[in-house]
Each structure stands twice: as C-alpha cells, then as structure tokens.
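Colleague: fold the following, please.
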Amino acid sequence: MRVLLLTDIHANLVALEAVLADAEGQWEQLWFLGDLVGYGPQPNECVERLRALAPLALSGNHDWAVLGKLDDEDFNSDARYVARWTRRVLTADNRDYLNTLPPLRVEPPFTLAHASPRHPVWEYILDLPTALENFAHFDTSYCLVGHTHVPAVFALDEASGGVDFALIEHGDVLDLSRHRLIVNPGGVGQPRDGDPRAAYALLDTEAMRMTFHRVAYDVAATQALMREQKLPRRLIKRLEQGL
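Modeller: You can find the predicted model right below:
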C-alpha cells in the first residue's frame, strides 16, 4: 500500500493543497497525525478538505484545545489567541468531526501518535533520552509522530541499547527494515526546521520504504489570509522563516 503521510496542517489550506498537488497519483491512503487546526486562517476549509479524502486521522493538542479537551492556558499567548478564535469560527459539523479523532492508533507494524506514544497529545520528542524512553511505550516496529514540525528519525540500536538521530531532508529515502524507528515527516502548515516549504512523506508498506518531500507553497497568500483575520503578527512572520 502507498500511504501519504501528513501531520500538522494547522489550518493552512494553501500548504495542504500544494502537498496534495505534489503527491497526486502517488498514494492510495492518507494517514494524518494530528493538529488539523490552530495557528492558521482556514480551519473549516482544512477540516472539510482533509475529511473528503477519507483519511486515517488523529487529533493533536491544538485540536484538543479548540474542543475544550485541553486547557489552552498551557499555550503561549499567540497560540491561545488562535485556539479561541478557531473555537468561535469552527462549524458544529467540523467540530464534531475533530471530536471523533483519537490521538493514537495502531496500524501494525506502525503505531501512530500525534506527539509521542507515551503522551500522545503533548510530548515533544526532540532529544535522545526522550526518544529512548518512548521506545518502551509502543509494541510495533515503528512509531510515526508529528507535533515538533521537524522531519527527523530516531533509530533504536537494540544491541547497544542506544538511539541514533538524524534530521531528514528533501529526497531522503528511509529503509524501514533495519531498526525500530520513531519517524516524524515534518509539518505541512508550519515547518520549524528553518525551511518554510511544506513537508510530507510517502510510505510504501510493501517495500518498507519512506521517501521524504518538501514543496514550496504561496506563503504570502496564507499570510494575507491571516492578516484579514487579524491573527498574531509573530505567527504570520514565522511562516516565511520556517521557524
């Protein structure tokens, strides 16, 4: 099966459409790892676009904050502002859809979690100790996560008990046959690795291979929509920086 792997769309429809156009004809099923809303200017449009693709989808911490399942006081002021704005503008039907999405599910040999297998809604896997601890919290060979918006892979060396780490670049191909892995395809709607291009991956479950992609999108168009909605300036600026 060929899988389009997306995470962290964050209400950025322009970026989502760029990814879908770039990946057209190359996938049979879509897996989405959460945070469909938050930060961006088009939450309803993104929910409806993704939903129409019949994805296997998760919820993330921003989705939970909009639904009232997570205290948005834990967010910084900009993220909190957009979460509350999103709560006001989101339609009841789209809210109901978000409410059906779990933060974790298992599709052997993959575990899918928004943040981490240990704390699926809100734990950042950014360092080797955190990654190593999380390998004990899933039973499958592979765990696919989002949340950090950084394309990366953590590989467990079961002989030594250590973990190797690598950042992922456009065009990299990952062989899934060698180690237990935690893999993050990077964020669609708000990358944070210094590259403003939308990130996604294509997974071939027969060849057990994952290919990572970046695609440029019209950042200025999303920024203009954010200005129309009077969303925070810092969130508008960071899109062009990929931070």
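
Colleague: what about stretch 194-206, start to end distance?
Modeller: Its start and end residues considered, stretch 194-206 measures 32 Å (Cα to Cα, to the nearest Å).

Colleague: ok, now which ones touch residue 134?
Modeller: Going by Cβ atoms under 8 Å, 6 or more residues apart in numbering, residue 134 touches 116, 117, 118, 123, 125, 143, 182. Any C-beta I mention is one placed from the backbone N, CA and C, and that applies to glycine too.

Colleague: buried ones among those residues?
Modeller: Among the contacts of residue 134, the ones that count as buried by 16 or more other Cβ atoms under 10 Å are 116, 117, 123, 125, 143, 182.

Colleague: re earlier: now the contacts of residue 134 as TSV including distance to residue 30 and secondary structure?
Modeller: Below are the contacts of residue 134 laid out as TSV (distance: Cβ to Cβ, whole Å; DSSP: H, G, I helix; E, B strand; the rest coil):
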residue	distance to residue 30	secondary structure
116	22	coil
117	21	coil
118	25	coil
123	24	coil
125	23	coil
143	18	strand
182	21	strand
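
Colleague: including pLDDT and distance to residue 99, could the residues you listed go into a markdown table?
Modeller: Listed next are the contacts of residue 134 as a markdown table, based on pLDDT from 0 to 100; distance: Cβ to Cβ, whole Å:
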| residue | pLDDT | distance to residue 99 |
| --- | --- | --- |
| 116 | 97 | 22 |
| 117 | 97 | 22 |
| 118 | 97 | 23 |
| 123 | 95 | 22 |
| 125 | 95 | 26 |
| 143 | 97 | 24 |
| 182 | 96 | 27 |
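
Colleague: so which of those residues is the closest to residue 68?
Modeller: Nearest to residue 68, judged by Cβ to Cβ, of the contacts of residue 134 is residue 123 at 20.6 Å.

Colleague: dump the residue contacts of the closest one.
Modeller: Per Cβ under 8 Å, 6+ apart, neighbours of residue 123: 115, 116, 130, 134, 147.

Colleague: how close does it sit to residue 38?
Modeller: Separation of residue 123 from residue 38 (Cβ to Cβ, to the nearest Å) stands at 17 Å.

Colleague: check residue 96 too.
Modeller: In terms of Cβ to Cβ, residue 96 sits 18 Å off from residue 38.

Colleague: ok, residue 225 next?
Modeller: 15 Å.

Colleague: who has more neighbours, those two?
Modeller: residue 38 (27 against 19; other Cβ atoms under 10 Å).

Colleague: nearest residue to the more buried one in space, please, no chain neighbours.
Modeller: Spatial nearest neighbour of residue 38, chain neighbours left out: residue 62 (2.9 Å); criterion: Cβ to Cβ, 6 or more residues apart in numbering.

Colleague: next up, the contacts around that neighbour.
Modeller: Residue 62 sits in contact with 10, 35, 37, 38, 39, 79, 83, where contact means Cβ under 8 Å, 6+ apart.

Colleague: pipe those into CSV and attach pLDDT per row.
Modeller: Below are the contacts of residue 62 laid out as CSV (pLDDT from 0 to 100):
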residue, pLDDT
10, 98
35, 97
37, 97
38, 94
39, 95
79, 92
83, 94
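
Colleague: what comes up buried for stretch 14-28?
Modeller: Buried residues in stretch 14-28 (16+ other Cβ under 10 Å): 14, 15, 16, 17, 18, 19, 20, 22, 23, 27.

Colleague: can you confirm the first one is in a helix?
Modeller: Yes. Under the criterion used here (DSSP: H, G, I helix; E, B strand; the rest coil), residue 14 sits inside a helix.

Colleague: so it sits against residue 217, correct?
Modeller: Yes. With contact defined as Cβ atoms under 8 Å, residue 14 and residue 217 form a contacting pair (5.3 Å).
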